[in-house]
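Undergrad: got a predicted structure plus its sequence, pasted below:
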Amino acid sequence: MTINRIELIQDDITKIKADAIVNAANTSLLGGGGVDGAIHRAGGKAILEECIQIRNRQGGCKTGEAVITTAGNLPAKYVIHTVGPVYNDGSKGEDKLLASAYLNSLKLATENQVTTIAFPNISTGIYHFPKDKAAAIAIKTVKDYLIDHNTLKQVIFVCFDDENYGIYKKLLEY
């Protein structure tokens, strides 16, 4: 069962020891608020420098896509930057784009021999994705991926706030 490869914790993602942590980035890749700003601040200039190189090469990161950089000063090896959708009314493909953000992060992890990956609650902050809906999409996407991909040994959902933690706990039946 895949559940034993999924862990839920309430913490600050910048303190997580994993092969990769995922950043809920914006399309510019230049840092921002929330988890994005926290990761850039804690990781230092090496992350921003690689993000600038990626921007120069491909012009940023589209919603639902993902790119990988060093983790700089963080306890992880890599930061996988993914762009979740801004939630409007749910009729603009937001669910599919959020699932793509998780899926493309997982694919990038597999391509880079990552065995442990930590996800924040993508799009649930200033992008206003409904937290319960976002959690259900995240969990389903990860569980479906783990069925066919044994190289990923552990996926950690890192919730910063009580509300998200409670939602994930209930959905994962911890």
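TA: Nice, I can see it. None of these values were measured; they are calculated from a predicted model. Residues are numbered from 1 along each chain as shown.
Undergrad: beta partners of residue 6?
TA: residue 155 (DSSP bridges).
Undergrad: list the contacts of it.
TA: Shown in contact with residue 6 (Cβ atoms under 8 Å, 6 or more residues apart in numbering): 139, 142-143, 146, 154-157, 172. Using the backbone N, CA and C atoms, a C-beta is placed for each residue, glycine as well.
Undergrad: same thing with residue 119?
TA: Going by Cβ under 8 Å, 6+ apart, residue 119 touches 22, 102, 105, 138, 142, 155-158.
Undergrad: tell me the pLDDT of it.
TA: Looking at residue 119, its pLDDT stands at 98.
Undergrad: backbone dihedrals for it, both of them.
TA: With angles defined as degrees, to the nearest 10, residue 119 sits at phi -110, psi 140.
Undergrad: one more: residue 64?
TA: According to degrees, to the nearest 10, residue 64 has phi 90, psi -10.
Undergrad: ok, now how distant is it from residue 157?
TA: Distance from residue 64 to residue 157, counting by Cβ to Cβ, to the nearest Å: 19 Å.
Undergrad: ranges for the helices of this protein?
TA: 34-43, 45-58, 94-111, 131-148, 162-172 (DSSP state H).
Undergrad: related to what we said a few turns ago, and residue 64 and residue 157? which has more neighbours close in?
TA: Counted by other Cβ atoms under 10 Å, residue 64 and residue 157 do not tie: residue 157 has more neighbours, with 24 against 20.
Undergrad: where does this structure have low pLDDT?
TA: 1-3, 174 (pLDDT under 70).
Undergrad: quick check: buried residues in stretch 82-98?
TA: Neighbour-count burial for stretch 82-98, counted by 16 or more other Cβ atoms under 10 Å, picks out 82-85, 87, 94-95, 97-98.
Undergrad: now stretch 50-59 - C-alpha only, PDB.
TA: C-alpha atoms of stretch 50-59 as PDB (Å, rounded to 0.1, in the frame of the first residue of the first chain):
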ATOM      1  CA  GLU A  50      19.900  29.100 -11.000                       C
ATOM      2  CA  CYS A  51      16.300  30.400 -11.400                       C
ATOM      3  CA  ILE A  52      17.700  33.400 -13.400                       C
ATOM      4  CA  GLN A  53      19.600  31.000 -15.600                       C
ATOM      5  CA  ILE A  54      16.400  28.900 -16.200                       C
ATOM      6  CA  ARG A  55      14.500  32.100 -17.000                       C
ATOM      7  CA  ASN A  56      17.200  33.200 -19.400                       C
ATOM      8  CA  ARG A  57      17.000  29.800 -21.100                       C
ATOM      9  CA  GLN A  58      13.200  29.200 -21.200                       C
ATOM     10  CA  GLY A  59      11.500  32.400 -20.000                       C
END
